[in-house]
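[1] Fold the following, please.
(2 chains)
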Amino acid sequence: MSSPTAEPGQIPQRLGTFKAILRIYPYAKPAMPRIYLGMVSALLAGIVALLIPQVLRSLVDGPLKTGDAAQIWPAFGIVLILGVLEAALIACRRFFVLQPGTRVEARLRNALYEQLQDLPVSFHDRWPSGQLLSRAVSDLNLIRRWISFGIVLLIVNILTILVGFFFLVSISWFLGVIFVICSIPLWIYGYVFESKYSVVARRSQDQSGDLATAVEESVHGIRVLKAFGRGRYSLDRFSEQAEELLGTEIEKARAIAGIWFWLLLVPDVTFAICLLAGVWLAATSQITAGELVAFFATATVLRFPVESIGFLLSMTFDTRTAVDRFFEVLDTPNTIQDPEHPKTIKKPLGKLAFNDVHFRYQDSAAQYADLIDGVTLTLEPGETMALVGLTGSGKSTITALTTRLYDVTGGSITLDGVDIRDLTRTDLRTHMAMAFEDATLFSASVRDNVMLGRPEGTEDDLREALEISQASFVFDLPNGLDTKVGEEGLSLSGGQRQRLALARAVAARPEVLVLDDPLSALDVDTEALVEAALRRVLASTTALIVAHRPSTVMLADRVALLESGRITAVGKHSDLLASSDHYRFVISSLEDEEAREAIERARQENDRTDKNDRTDDRTDKTEEGVAR
Amino acid sequence: MSVIGVEGEEREDHSAAEIKQLRDRSTRLLGSLLRPLRNRVIWTIFIVVISTAAQVAGPALIAFGIDTGLPALVKSQDWMPLSLTVVAYLVAALIGAFLISQYTILSAKISQAILIDLRKRVFRHTQLLSLDFHETYTSGRIIARQTSDLDTIRELLDSGINQLIQGLLYMVFIAIAMFSLDWVSGVVLFVALIPLYFLARWFQKRSNSLFRLTRVASARLIVHFVETMTGIRAVKAFRKEKRNEAEFGALVEDYRDANGRVIQLFGIFDPGLILIGNLALAVVLLVGGLRVASGGIEIGALLAVLLYTRQFFGPAEEMAMFYNSYQSASAALEKISGVLEETPSVPDPARPIDLWQAKGRVTFDHVRFAYREGRDVLPSFDLEMPAGQTIALVGSTGAGKSTLAKLISRFYDPTEGSVLLDGVDLRNLHPKDLRRAIVMVTQEAYLFSGSVADNIALGKPDAKREEIVAAAKAVGAHEFIESLPNGYDTDVNKRGGRVSAGQRQLLSFARAFIADPVVLILDEATASLDIPSERLVQEGLLTLLADRTAIIIAHRLSTVAIADRVLVMEHGVIVEDGTPNDLIAGTGRFAQLHAAWRDSLV
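    Numbering: from 1, shown residues only, chains lettered A, B, ... in the order given. Purely as a prediction, here's the structure:
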């Protein structure tokens, strides 16, 4: 195996492990009494199980030796009672640890979720949701199983082994020592195996994850694959990945086969040696027949606790990893928080001002300039400002800064004169509402999705918002406004989702409306209708609109031109058209005389070269095509 | 109502005949998966039988050692019987352990062979199925078939079946051993099977519904979690956090409750098993003790039957669990077999015609098309697209433009009539030639995980780096690619959020460019571009489209400028057909559209 494996001798790390796991103690604290009770029950159950062979011992050396059949009945009665007691104690253990495990798991899960929702968007940019999901689901499941049975059995089995060892030695110290010496390699090997195995197991998990990704892509990208006839190609790639996974699974099976071999062989060899030694001891009268019988019965009871130690240890180490991964998220400091002494805006007007705003991503290389590089801009109350610029000039970033999805790295943004960092995030986001180009709908009814920002709004507000965004299609959905959409519901087209997202922003009735290219997926006719309706809303609301098309720009009172993170011009559309080359370049379409001429020129050239081809029945072209 | 293919998959109320139909279908699939492995399966079963027998031998050998070896040693100092027993013990242990480990590997190989066969079959078939299937069946379900459903089958193969076979054999061999050691104890064991049977039945019934409950609860938890994390911007912007916490908290509680009930069930079942085992043990002790006292059996035999009794109930728990994994796996297999039963509505030709040197003439011959019979999207029409012509398709949403395009690229087959390329019906054309000749670029520019270069090279898998760069340059994507952290080798998934929709579209143009088809269809392919990029692309298009047939669908009339011919569509009918200049000069629909569009530009 090429991967690094944990060596059994790493005692210091083991101490660290328990300390690391202890970090969940605050979450587990209320459950501790029950866990202790569970341990006590389990230990008692183990001791009861070990007492049965002792009854056997006195039975064999007593009534059976003397042939006194009547004396067998009391022994039967004791075994019966012990048997019932063992079952009852195991039921008790199950009962005691049932609540703690699941409760702690639920507590951890809620804490993780709350922290994740609170962490800024920049955190989510770095962490794919799959990574977070595995923490929220499989890691926490592991922690639950460890609490409700891993740690309980680890401690109890060790104690049971110690008690059992005492019984074995009390029967015959010689046999007892043989048994213990022979079981030591099993612990070590079990532990080494489990740590090695978990490496392969993790690899197999990763590879099945990759395989699932391949499946998802082949389904989501089916149109592309079909359009290019790449079904065969993607099948080949998929097969390759599937074969890799198969290889890992077989490797996993080999590892399991290895541990099985020793797990079965070592105890049996131990038994064989003990049989040899035990019969000899009995033959030389050093032990009685009853003691010999009791020894094997006790050893059989101890077989499971002994075999389980390696597995339980490795489970403990896996749990440590799971706990670490959990705290990795929980320890992440939240860089965007509510202020200690939040201010409020008494009478919000909606004056939004950018004062020398700078922004760069934390992980961007030093040689790159700030993504937003000193933006100063003021939107008067009620004003609509269009933000125009090339892809990558920072338009969307500016919109994200206004609601503190990211915090500025320099300068400040103020709303009605108050720095937005001095407002609570809830207040700020009540004053401002956003619609994103990439419209997200949640698994809820149309109604809930639209009224997300204003749950107390009336039916009329809802209808008005839908009307403005031209989303009347929702009335034709199977359950109208109550139709469930999102991941678990009806799937809508990009344009439909965008209109609902716009309706959501409008329905929130904010002082400031921030729209990040909210109409990109609409067709021309719908776009025109939405724009007409939006005008009414925008008349009274401050708005910042990212725009690609001249028609959207027409909604705005003024336009700000963004060029590599800086505002290079602000003014009316017509003024900018006249004064700024870059603006003309960005916004004016092909009708622009210059561009048109260029096209005409290119066109004529093409025509000239093409004509011959076409009249010649295109033989040149096809030959060319073949040659290519 | 029917259960053919994936139909009726979501229903729970199958009739007896339908259930049989579904079962038969799964059985056939299972048979076809197992048939090639028949010899290996037989060999593996042989091995597991021997190994289990060897494993069960232990207590009987201890009995022999005590009952025969001990007296021999005491009476005549004869070590022979004891040594033989110990050697037999060691040999049995070695054989048992070795064969079990072999069995572990062999059975893993078999189940992996079954799995990979099934995986490939479903994947291949999914790719073969036509778009209409994908559109109605939804991506989520087809992905679930290939991931979670296959996982449940894997679980059954990995542990379920192994545990069942081993557990059954183990119990059978122990019963045999007990009967041969002391038939009375054997009878006790059989009596103990009665309560065991009822306990297992009860557990099966309860656990089946509880496990389903857990799965549902965990699935809902996951959906909510993923939705929150992927939509985190909207969550924050609209202050959904508190409401989400309440919703998620409720789902966590449901899941906790469901899990708690499963654990509780085990909390009854497990001690129940131990109770039955211990009662049996006590009775065997009594009966065996009396038999020893009356001289019926020796002490060693008593020990052996006691040890066997203690071990007998071990596999019972795992065997009870088998039913669960069997149930979910057979449900999964039913669904998978349904997908495999679907036939592509756009099948590959039985005797394909090769068309190596396609010229690019597209003909619609009496074509009629309806997604559902009775509602024609395209009423019967004829259309001729000469090779090399650039055609713009214009019309409002729902006029049938995209449908027309999908017929040319054979995403669908016409309901009536035929679409021909260079006079060959697309239905008879070799798929390879068809896809080489005709390529469609759509608005949704999907990127696969991998580098930027990989994504462009999808259009031509053997493309060299220079060709890729040339293609990117031709569509004006080179500059932004160069500005990415690793240029052409940048992984599109990392930082995928920072490749904009427009840039994705440029990449999909480059993909089409490098594929170099004779017929190129652009369906709203420039919608997400900003104006300067669109301008660049259109200039590029002039060269790109010069020597091939092109069909361009665009809402924005700017694109029409580069067309040789404009088709205006309304309600599935081509209402105008002519050069752009002729149509603009006229008084038809296009002239109106064009005037309105010019006004909007200002």
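
[2] CA only for contacts and neighbour counts going forward, please
    Will do.

[3] Identify the residues contacting residue 248.
    With no chain named, the answer covers chain A. A:200, A:203-204 (C-alpha atoms under 8 Å, 6 or more residues apart in numbering or on different chains).

[4] actually it's chain B I care about, not the one you picked
    Residue B:248 neighbours (C-alpha under 8 Å, 6+ apart): A:110, B:221, B:224-225.

[5] now do residue B:245
    The contact partners of residue B:245, by C-alpha under 8 Å, 6+ apart, come to A:110, A:113-114.

[6] Where do the domain boundaries of the chain fall?
    You didn't pick a chain, so chain A it is. Per automatic domain parsing, the structural domains of chain A span A:14-330, A:352-361+A:370-586, A:595-627.

[7] nope, chain B please
    According to automatic domain parsing, the domains of chain B span B:1-182+B:324-344, B:183-296, B:362-601.

[8] Throw those domains into a markdown table and include mean pLDDT and distance to residue A:581, thanks.
    Conversion of the domains of chain B to a markdown table gives the following (pLDDT from 0 to 100; distance: least, C-alpha to C-alpha, whole Å):
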| stretch | mean pLDDT | distance to residue A:581 |
| --- | --- | --- |
| domain B:1-182+B:324-344 | 85 | 46 |
| domain B:183-296 | 86 | 35 |
| domain B:362-601 | 82 | 12 |
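
[9] Which among those is found nearest to residue A:195?
    domain B:1-182+B:324-344 (19.1 Å; C-alpha to C-alpha).

[10] The closest one: how far from the chain's middle?
    21 Å (C-alpha atoms, centre = their mean, to the nearest Å).

[11] now stretch B:516-531
    Between the centre of stretch B:516-531 and the centre of its chain there are 32 Å (C-alpha atoms, centre = their mean).

[12] can you check stretch A:406-419 too?
    On C-alpha atoms, centre = their mean, the centre of stretch A:406-419 falls 32 Å from the chain's centre.

[13] And for stretch B:245-261?
    28 Å.

[14] Tabulate the CA atom coordinates of that stretch in CSV.
    Taking C-alpha atoms only, stretch B:245-261 is exported to CSV below (Å, rounded to 0.1, in the frame of the first residue of the first chain):
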residue,chain,number,x,y,z
GLU,B,245,-33.0,27.2,10.9
ALA,B,246,-36.6,26.3,12.0
GLU,B,247,-37.2,24.3,8.8
PHE,B,248,-33.9,22.5,9.0
GLY,B,249,-34.3,22.0,12.8
ALA,B,250,-37.6,20.2,12.1
LEU,B,251,-36.0,18.0,9.4
VAL,B,252,-33.2,17.2,11.8
GLU,B,253,-35.7,16.3,14.4
ASP,B,254,-37.6,14.0,12.0
TYR,B,255,-34.4,12.3,11.1
ARG,B,256,-33.4,12.0,14.7
ASP,B,257,-36.8,10.5,15.5
ALA,B,258,-36.7,8.0,12.6
ASN,B,259,-33.2,7.0,13.6
GLY,B,260,-34.1,6.7,17.2
ARG,B,261,-36.9,4.4,16.3
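
[15] May I see the buried residues of that stretch?
    Neighbour counts over stretch B:245-261 (16 or more other C-alpha atoms under 10 Å in any protein chain shown) mark B:245, B:248-249, B:251-261 as buried.

[16] One more: stretch A:118-133?
    Buried-residue list, stretch A:118-133, by 16+ other C-alpha under 10 Å: A:118-125, A:129, A:132-133.

[17] Wait, residue B:230 touches residue A:129, no?
    Yes - under the criterion of C-alpha atoms under 8 Å, residue B:230 makes contact with residue A:129 at 6.6 Å.

[18] Redo the domains of chain B as a markdown table? Include distance to residue A:559.
    Shown next, in a markdown table, are the domains of chain B (distance: least, C-alpha to C-alpha, whole Å):
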| stretch | distance to residue A:559 |
| --- | --- |
| domain B:1-182+B:324-344 | 41 |
| domain B:183-296 | 24 |
| domain B:362-601 | 16 |
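
[19] What is the nearest of the contacts of residue A:248 to chain B?
    Here the nearest of the contacts of residue A:248 to chain B, counting by C-alpha to the nearest C-alpha, is residue A:204; it sits at 12.7 Å.

[20] returning to that earlier point: neighbour-wise, which one of the contacts of residue B:248 leads?
    Most neighbours among those, by other C-alpha atoms under 10 Å in any protein chain shown: residue B:221, with 23 neighbours.

[21] My read is that it contacts residue B:252, right?
    Yes - using C-alpha under 8 Å as the test, residue B:221 is close enough to residue B:252 to be in contact (6.8 Å).

[22] Which residue ranges of the stretch 51-200 of chain A form helices?
    Per DSSP state H, counting those that start in this stretch, the stretch 51-200 of chain A carries helices over the ranges A:63-66, A:72-118, A:121-126, A:129-134, A:140-145, A:151-171, A:173-220.

[23] so can I have JSON lines of the ones you listed showing mean pLDDT and distance to residue B:319?
    Below are those laid out as JSON lines (pLDDT from 0 to 100; distance: least, C-alpha to C-alpha, whole Å):
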{"stretch": "helix A:63-66", "mean pLDDT": "75", "distance to residue B:319": "37"}
{"stretch": "helix A:72-118", "mean pLDDT": "89", "distance to residue B:319": "20"}
{"stretch": "helix A:121-126", "mean pLDDT": "81", "distance to residue B:319": "44"}
{"stretch": "helix A:129-134", "mean pLDDT": "75", "distance to residue B:319": "29"}
{"stretch": "helix A:140-145", "mean pLDDT": "88", "distance to residue B:319": "21"}
{"stretch": "helix A:151-171", "mean pLDDT": "89", "distance to residue B:319": "23"}
{"stretch": "helix A:173-220", "mean pLDDT": "81", "distance to residue B:319": "24"}
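
[24] Let me have the ones you listed in JSON lines, adding distance to chain B as columns.
    Output for those, formatted as JSON lines (distance: least, C-alpha to the nearest C-alpha, whole Å):
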{"stretch": "helix A:63-66", "distance to chain B": "6"}
{"stretch": "helix A:72-118", "distance to chain B": "5"}
{"stretch": "helix A:121-126", "distance to chain B": "7"}
{"stretch": "helix A:129-134", "distance to chain B": "6"}
{"stretch": "helix A:140-145", "distance to chain B": "10"}
{"stretch": "helix A:151-171", "distance to chain B": "15"}
{"stretch": "helix A:173-220", "distance to chain B": "6"}
